[in-house]
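Asker: quick one, fold the following:
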Amino acid sequence: MSEQIITDRVRRRATLPGRVTRTQVPGKDGRLPHRTSPRERRNLAAIRREDVLRLVGAAAAAIATTAWAGTQVLPLQGPLAFVLVAYALFLAFFLLLVSFDDGRVAVWDRFAAVVIHSAAVVLLLALSVVVVFTLVRGADAFLKPNFWVEDLSLAGPLDPLTAGGMAHAALGTLMMIGLSLSIAIPLGLLCAVFLAEFPSPFATIVRTVTEAMTALPSIVCGLFIYATYILLFGFDKSGFAASLAITIMILPIIIRSADVVLRLVPATLKEASLAMGSSQWRTIWHVVLPTSKSGLMTAIVLGTARGIGETSPVLLTAGYTTFFNANPFSGPMVSLPFATFTLVKSPEPTQIARGFGAAAVLMVLVFVLFLLARLVGGKGAGVLSARGLTRARAASARIARRFDAVDGSPDAPVTDEASTDRFSRSRR
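Answerer: Numbers count the residues shown, from 1 in each chain. Just a heads-up that it's a prediction; the model follows:
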């Protein structure tokens, strides 16, 4: 029987209703070739040489046109107006060049890509200017060894930078943010679990109030603690009072961010845990929280970033001091943001340099705290480190021994390979 007859029969059988046949890929066996070659799909995410030439050409044309218009036609004053007009012309020229060769979809895709990358460059440039400016202005102070280990109790406004330091402000910042996080993290995570896992009309009210409190001004938090903790209850200004004000600020951010992360946990994981006989709280503790650990750490980082750089709550509740104070419940305590705010107002150059040095110390402290947070947060869900894999294997081996004991063979050996295979199958 010839190949043509076989091909005709296969085609006729494929057209019969209710018959399942094997799919014939055109052009794979040479008997069903394409009449026309398929159109190659273009990758819009790739950067081609034509795109680079268009960008360079559009930028050069925009700068030249803006320079000509600024001197001959338009009364442009200052570099900001020049940059804005040049950027608008750059977008227009770039879209015109792209439209010569590509369709409407590619034109709008390139337009969105250029706008987004331009915004990213502006933000990165602004951040770099802030960091570099602070480091340059404070280099005369924080490059001195005494700046990291001494306080300002023996350093006056006219003393050189070799005397005094910001160790007392760094200690105050660490103690304030540490006390705030010790209060806000348990309360915030518990409230987020309540909102995500126990929906009710009361949970809706709590979520609405939390969303409204995320925009609460920091001065209001400081005034509330000053009116209640200090004036009403009669306590003195202290680092703990400032911690309470910072807690009110960061608590809504942690709750709202953690609530979003917890609601992203797949429902199938929770259903599987409940189907195995686990209680709801055990499911939350062993399934929901470990799965969203990285996201919860991000929520804590966001709350820390909000509270560690605040000045007004510390100004109202903690006071100012130039001495070390290791007791957050008694006596005034200063933070790095408040010390920066106080020192840069001085007319003395040495005090201004100390203020910028305090800002540089704050940036270093924030970077270290964020690095530690990312290390504690670990990797994403389903990705185990070497240490986590070792713990998982040990737990799998214990579970395997329990199953062997139930089966009546408690003395059966459990190897690492067997426990790993069972752990892998349980995760799948």
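
Asker: quick check: Ile219 vs Phe240, distance?
Answerer: Counting by CB to CB, to the nearest Å, the gap between Ile219 and Phe240 amounts to 19 Å. Glycine gets a C-beta too; all of them are placed from N, C-alpha and C.

Asker: sorry, that was for Thr350
Answerer: Per CB to CB, Thr350 is found 32 Å from Phe240.

Asker: swap in Ala394?
Answerer: Distance from Ala394 to Phe240, counting by CB to CB: 41 Å.

Asker: the two: who's more crowded?
Answerer: Set side by side, Ala394 and Phe240 show more neighbours around Phe240, with 22 against 13, by other CB atoms under 10 Å.

Asker: and the more buried one, what element?
Answerer: When elements are defined using DSSP states H and E, Phe240 is found to belong to helix 239-263.

Asker: before we move on, what about Gly188?
Answerer: Of the helices and strands defined by DSSP H and E, Gly188 is found in helix 167-197.

Asker: right, and the helix or strand after that helix?
Answerer: Once helix 167-197 ends, the next helix or strand along the chain (criterion: DSSP H and E) is helix 201-213.

Asker: for that next one, name the packing helices and strands.
Answerer: Packing contacts for helix 201-213, counted by 3 or more CB pairs under 8 Å, 6 or more residues apart in numbering; DSSP states H and E, involve helix 167-197, helix 239-263.

Asker: now do the helix or strand following that helix against helix 239-263, angle only.
Answerer: Per DSSP H and E, helix 201-213 leads on to helix 218-225 as the next helix or strand towards the C-terminus. Put simply, helix 218-225 runs at 120 degrees to helix 239-263, going by axes from the mean of the first three to the mean of the last three CA atoms, to 10 degrees.

Asker: packing partners for helix 218-225?
Answerer: For helix 218-225, the contact count by 3+ CB pairs under 8 Å, 6+ apart identifies helix 239-263, helix 312-317 as packing neighbours.

Asker: lowest average pLDDT across these?
Answerer: In terms of mean pLDDT, the lowest-scoring of the helices and strands packed on helix 218-225 is helix 312-317 (a mean of 88).

Asker: quick one on the thing from earlier: now the helix holding Gly188: buried residues?
Answerer: The neighbour-count criterion (16 or more other CB atoms under 10 Å) identifies 167-173, 175-177, 179-181, 183-185, 188-189, 191-197 as the buried residues of helix 167-197.

Asker: show me what counts as buried in the lengthiest helix in the chain.
Answerer: Ranked by residue count under DSSP state H, the longest helix found in the chain is helix 104-142. Judged by neighbour count using 16+ other CB under 10 Å, the buried positions of helix 104-142 are Val107, Arg110, Val114, Thr134, Leu135, Arg137, Gly138, Asp140, Ala141, Phe142.

Asker: how about those in JSON lines, adding pLDDT and distance to Met333?
Answerer: Rendered in JSON lines, the data for the buried residues of helix 104-142 read as follows (pLDDT from 0 to 100; distance: CB to CB, whole Å):
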{"residue": "Val107", "pLDDT": "82", "distance to Met333": "58"}
{"residue": "Arg110", "pLDDT": "83", "distance to Met333": "54"}
{"residue": "Val114", "pLDDT": "88", "distance to Met333": "49"}
{"residue": "Thr134", "pLDDT": "90", "distance to Met333": "23"}
{"residue": "Leu135", "pLDDT": "89", "distance to Met333": "26"}
{"residue": "Arg137", "pLDDT": "89", "distance to Met333": "26"}
{"residue": "Gly138", "pLDDT": "88", "distance to Met333": "22"}
{"residue": "Asp140", "pLDDT": "87", "distance to Met333": "26"}
{"residue": "Ala141", "pLDDT": "87", "distance to Met333": "21"}
{"residue": "Phe142", "pLDDT": "86", "distance to Met333": "21"}
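
Asker: export these as a markdown table, with columns for distance to Leu74.
Answerer: Below are the buried residues of helix 104-142 laid out as a markdown table (distance: CB to CB, whole Å):
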| residue | distance to Leu74 |
| --- | --- |
| Val107 | 27 |
| Arg110 | 27 |
| Val114 | 23 |
| Thr134 | 36 |
| Leu135 | 38 |
| Arg137 | 37 |
| Gly138 | 41 |
| Asp140 | 44 |
| Ala141 | 45 |
| Phe142 | 46 |
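
Asker: what's the helix or strand for the most centrally placed residue in the chain?
Answerer: In the chain, the C-alpha closest to the average C-alpha coordinate belongs to Thr298, at a distance of 5.5 Å (CA atoms, centre = their mean). Under the criterion DSSP H and E, the helix or strand holding Thr298 is helix 293-308.

Asker: that older thread, roughly how far is the helix holding Gly188 from the heart of the chain?
Answerer: 17 Å (CA atoms, centre = their mean, to the nearest Å).

Asker: can you pull the contacts of the nearest residue to Ile250 once chain neighbours are set aside?
Answerer: Taking CB to CB, 6 or more residues apart in numbering as the measure, Ile250 lies nearest to Gly303, with 3.7 Å between them; neighbours along the chain are not counted. With contact taken as CB atoms under 8 Å, 6 or more residues apart in numbering, Gly303 is in contact with Leu181, Ala184, Gly188, Ile250, Leu251, Ile253, Ile254, Ser257.

Asker: now do the contacts for Phe235.
Answerer: Tyr229, Ala241.

Asker: can you check the pLDDT for it?
Answerer: Phe235 is assigned a pLDDT of 90 by the prediction.

Asker: how about Val73, phi and psi?
Answerer: Note on Val73: its backbone torsions stand at phi -120, psi -60 [degrees, to the nearest 10].

Asker: lowest confidence element among the helices and strands of the chain?
Answerer: Of all helical and strand segments in the chain, the minimum by mean pLDDT, DSSP states H and E falls on helix 416-427, at a mean of 48.

Asker: dump the residue contacts of Thr304.
Answerer: Remark: with contacts taken as CB under 8 Å, 6+ apart, Thr304 is in contact with Ile177, Leu181, Ile250, Leu369, Phe370, Ala373.

Asker: now, the most widely separated pair of these?
Answerer: The most widely separated members of the contacts of Thr304, counting by CB to CB, are Ile250 and Phe370 (14.5 Å).

Asker: count of neighbours near Tyr229?
Answerer: By other CB under 10 Å, the burial measure for Tyr229, its neighbour count, is 19.

Asker: I'd like the numbering to begin with 51 instead of 1 from here.
Answerer: Sure thing, new numbering starts at 51, so read that last one as Tyr279.

Asker: my guess is it meets Ala291, correct?
Answerer: Yes. Counting by CB atoms under 8 Å, a contact exists between Tyr279 and Ala291, whose distance comes to 5.2 Å.

Asker: what do the two both touch?
Answerer: Contact criterion CB under 8 Å, 6+ apart; residues bridging Tyr279 and Ala291 by contacting each: Phe285, Thr367.
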